[in-house]
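In: here are the coordinates; sequence isn't available:
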Ligand SMILES: Nc1nc2c(ncn2[C@@H]2O[C@H](COP(=O)(O)OP(=O)(O)OP(=O)(O)O)[C@@H](O)[C@H]2O)c(=O)[nH]1
């Protein structure tokens, strides 16, 4: 791998990203508020909450809807930081320390796509211990335990449920997994994940609307696939991705797409991607000698590929906090 001189490059990269006049207000569809209401109503049946976040944006854990957070505080709580295979794990220790300072003790980093993830195996013993060491209030009589998995869209809630089932029941998929946010629409399905002790999970519709304090937080969520791309715009997501890769000095895109050196100009990068992948389109051009058809780079297709490559971890592991 080529080494680029970061100091040299730093001088030619943007230090701040220009978000223009964008607004995040419409990025989260209306069904989320409805889901939140239903989740709150079901909380009385729940013994322990599993709150799942993307390990690349772990700071978001405390920024979910604050009124819902209050309801959560009374129950045992496990924080799962998922998609750790895509995250820069050198930061895990400092994240753990920060979370401990903030009073969060039960934290697991998981990769739910891995067949036998060690931390997925720890979930059942940990929640059993958490539930048995506290009071279950009016649920004392019930011998089975009920968990609720909550998180923002596309963070891997269904994948986590399937991974726990695979580990403890040796059963296949019960929850539909999707590449696009908002796949889990069936409201609060009860799924058995373990038979000793009997544990059920409520699969939520992926509708914890995060409290987005600023457009940059929204853009980080978009980059990680939490928001439907077309609501934000693939062109701006691709540009923010380039900005982030340069800021974090993740330059593997240079070799992958045959660039000469790290670059901060998204149009140039997309052009190189289009050329490398053969993504061109024919457009009509009017010239002095009549109409001709010319081959142009397909910038949209290139942006799509750039974003997908990042989400699959092909452009390096990152921590966007
Ligand atoms: N790399 C990686 N991808 C994951 C992991 N967990 C889930 N995914 C992928 O993330 C995408 C979303 O996963 P889901 O399990 O459908 O997420 P969800 O939170 O249930 O999604 P919604 O129904 O939209 O709320 C899918 O493409 C999964 O394959 C993980 O640990 N690592």
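Out: That came in fine, so what should we check first? Please read these numbers as outputs of a predicted model, since none were measured by experiment. Numbering: from 1, shown residues only.

In: so where is the protein shaky, pLDDT-wise?
Out: Along the chain, the parts satisfying pLDDT under 70 run over 1-11, 28-35, 60-74, 135-141, 171-189, 203-211.

In: Strands along that one, start to end?
Out: According to DSSP state E, the chain carries its strands in the segments 48-54, 77-82, 107-109, 145-151, 189-195, 198-203, 280-287, 290-297.

In: Any idea which of those strands gets closest to the ligand?
Out: When these are compared by CB to the nearest ligand atom, strand 77-82 sits nearest the ligand, at 4.8 Å. (Glycine included, C-beta is placed from N, CA and C.)

In: Pull up the pairing partners for the closest one, direction included.
Out: Strand 77-82 sits in its sheet next to strand 48-54 (parallel), strand 107-109 (parallel), going by DSSP bridges.

In: tell me the most buried of those strands?
Out: Neighbour counts averaged per stretch over these are highest for strand 48-54, at a mean of 25; criterion: mean count of other CB atoms under 10 Å.

In: Now do the contacts for the closest residue to residue 76 other than its chain neighbours.
Out: Setting aside the residues directly before and after it, residue 76 is nearest to residue 130 in space (CB to CB, 6 or more residues apart in numbering), at 3.8 Å. The neighbours of residue 130, taking CB atoms under 8 Å, 6 or more residues apart in numbering as the test, are 48, 76, 77, 78, 106.

In: Any quick PyMOL command for the buried ones out of the residues you listed?
Out: Buried subset of those, written as a PyMOL selection, criterion 16 or more other CB atoms under 10 Å:
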select buried, resi 48+76+77+78+106
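
In: With distance to the ligand as added columns, please give the strands paired with strand 77-82 in a markdown table.
Out: Converted to a markdown table, the strands paired with strand 77-82 look like this (distance: least, CB to the nearest ligand atom, whole Å):
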| stretch | distance to the ligand |
| --- | --- |
| strand 48-54 | 7 |
| strand 107-109 | 10 |
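
In: So which of these is nearest residue 158?
Out: Nearest to residue 158, of all the strands paired with strand 77-82, is strand 48-54, at 10.3 Å by CB to CB.

In: Can you verify my assumption that residue 123 contacts residue 164?
Out: Yes - under the criterion of CB atoms under 8 Å, residue 123 lies in contact with residue 164, with a separation of 5.7 Å.

In: Can you give me every residue that contacts residue 269?
Out: For residue 269, the set of contacting residues under the criterion of CB under 8 Å, 6+ apart consists of 242, 253, 257, 259, 263, 306.

In: can you check residue 298 too?
Out: 274, 279, 280, 281.

In: now do 10 Å
Out: Counting by CB atoms under 10 Å, 6 or more residues apart in numbering, residue 298 touches 270-271, 273-274, 277-283, 304-305.
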